[in-house]
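Novice: build the 3D model from these lines:
(2 chains)
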Amino acid sequence: MFPDWNSSLEKIMQTMKVESQRESTIVDKLKNQIETSVGNIESALISSKNVQFKGEKEFFVGRKVYLDKKIKNAIKAPGFSLSIVGPGGSGKSQLAFKAIHQFEKEGIFDVVIPIYFD
Amino acid sequence: MAENLGIPVDEFDKYTNIEDRKSIVRNALSGKSHPLIFADNYETVSYELNDKSKEPSQNAIDISNFLNDNTPNNTSILLTSREKYNNLREELIDLEGLSEKKSMDLFNGLVAPDKLLKSPKNKKVKGLIQNLLKKTGGHPLSIELIAKNITSVEELEELSESLGAARVDRTASEERFKSLEACFGYTINKLDKALKELLPKLSLFKSPFPISAATEIFSVQKGDIINLYNRSLLTRIESENPGYLLYYIHPALRNYLQNKSDKNLEFEYREAFSRYYLS
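Specialist: The predicted model follows:
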């Protein structure tokens, strides 16, 4: 039922390695685009961080209060622990994906390590 | 990652002890500014730890201990969970259903581009859809199932009837979940016999599966899997190999199917699974 503990740790390591590689890619992109404009560089940085999560759906509506207030207030400082709870099918994962993308763009996290249970 | 943190990879592989590996991960996390560990469907762990009738697995204990006591102060944790008691001293956000307007937006975004159903002009049809969505309590998966499976006014009326008379409060978790189960029941009932029989079998997959696994193990056609996907009874993800797709059943639907199934399907297909995965 669970991912094996050792393989989970390896997954974390691999994810962090990918993150580091992603960061290198961003730097390369920045070098290539430095002659264009600051705006282009910024958007390249943002698009590089937009990785799709497992099961992420393309269509998402609403949840503005959660994204802009409830979750945002809870995640201000490093070291927080937060659970999004609700019955199956209520959109917990989709909301979490959306929130992570949004807060990554805002520079709140420098690395995200997803672990999928079930 | 070992390379980027200055740890030789072959050196890391030498650490087979779990505590050593934890320590390496902890140090790696400490080297970041604000890492986020995102644990999706964490109820899988919490249910085990909260079940007083039996001993939890060592994996569940290790995972909980690591998240509780071994992550550095700079590391944040975000969980999604059906269980409210996750024992991580975490803040809870209870997710409500969508508002009536957003429910309609979701429906219109997912329904087939059909003049009758998508952003309907006809007042009767619009009223029927709005009424139906109220009966889901704005539950996204229920709305998705309705949008992907309803094709006529008659079906709208039929499903509305099977969901009962009352609208569901979007803060009422249990009622929303009952409504979701009614949507599962209605949608599955509408399937033809072959798909109706196939769906519980697919719930035997414990992780995302390639279409070839389903066609070989259960002797079905690719079209059957695509059909279930088009009805939102299966979800599709891209695997680590780009362009290679994997399918899986939403955990809520899997639980529903397993509760309804009275056959010992796992036993029946054990050999076929072994043949496929060992070949």
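Novice: in the chain, which spans are strands?
Specialist: All of this refers to chain A. Using DSSP state E, the strands assigned to chain A run over residues A:81-85, A:111-116.
Novice: wrong one, chain B
Specialist: With DSSP E, the ranges of strands along chain B come out as B:35-40, B:76-81, B:91-94, B:209-210, B:235-238, B:245-248.
Novice: looking at the strands of chain A, which is buried most?
Specialist: Mean neighbour count (mean count of other CB atoms under 10 Å in any protein chain shown) peaks for strand A:81-85 among those, with a mean of 23. For every residue, glycine as well, the C-beta is placed using N, CA and C.
Novice: which one of the strands of chain A lies nearest to chain B?
Specialist: Proximity to chain B (CB to the nearest CB) singles out strand A:81-85 among the strands of chain A, at 3.5 Å.
Novice: what strands line up against that closest one, and which way round?
Specialist: Sheet pairing of strand A:81-85 (DSSP bridges) gives strand B:76-81 (parallel), strand B:91-94 (parallel).
Novice: that older thread, hey, which of the strands of chain B is tucked in deepest?
Specialist: Stretch with highest mean neighbour count among the strands of chain B: strand B:76-81 (a mean of 25; mean count of other CB under 10 Å).
Novice: same question for stretch B:267-274: list its buried residues.
Specialist: Residues of stretch B:267-274 classed as buried by neighbour count (16 or more other CB atoms under 10 Å in any protein chain shown): B:269, B:272.
Novice: so B:Leu78 versus B:Phe38, what's the distance?
Specialist: To B:Phe38, B:Leu78 is 5 Å away according to CB to CB, to the nearest Å.
Novice: the helices in chain A, which residues?
Specialist: Along chain A, counting by DSSP state H, helices occupy A:5-33, A:38-49, A:64-65, A:71-74, A:92-105.
Novice: ranking these by mean pLDDT, which is last?
Specialist: Mean pLDDT is lowest for helix A:38-49 among the helices of chain A, at a mean of 37.
Novice: near the closest residue to B:Asn50 other than its chain neighbours, how many other residues are there?
Specialist: Take B:Asn50 and drop its neighbours on the chain: the residue closest to it by CB to CB, 6 or more residues apart in numbering or on different chains is B:Tyr85, 5.8 Å away. Look at B:Tyr85: counted by other CB atoms under 10 Å in any protein chain shown, it has 14 neighbours.
Novice: pretty sure B:Tyr85 sits against B:Ser46.
Specialist: Yes. Counting by CB atoms under 8 Å, B:Ser46 is a contact partner of B:Tyr85 at 6.4 Å.
Novice: between the strands of chain B, which one is nearest to B:Phe107?
Specialist: B:Phe107 sits nearest to strand B:235-238 of all these, at 18.4 Å, using CB to CB.
Novice: looking at the stretch 1-150 of chain B, which residue is nearest chain A?
Specialist: Relative to chain A, the nearest point of the stretch 1-150 of chain B is B:Leu141 (2.9 Å; CB to the nearest CB).
Novice: contact partners for the nearest residue to that residue once chain neighbours are set aside?
Specialist: If the residues on either side of it in the chain are set aside, B:Leu141 comes closest to A:Gly89, at 2.9 Å by CB to CB, 6+ apart. A:Gly89 is in contact with B:139-142, B:177, B:180, B:250, B:252, counting by CB atoms under 8 Å, 6 or more residues apart in numbering or on different chains.
Novice: give me the neighbour count for B:Leu257.
Specialist: Counted with other CB under 10 Å, B:Leu257 comes out at 20.
Novice: how about B:Asp51?
Specialist: Neighbours of B:Asp51 under the rule other CB under 10 Å: 11.
Novice: any chance of the backbone angles for it?
Specialist: The phi/psi pair for B:Asp51 (degrees, to the nearest 10) reads phi -80, psi 110.
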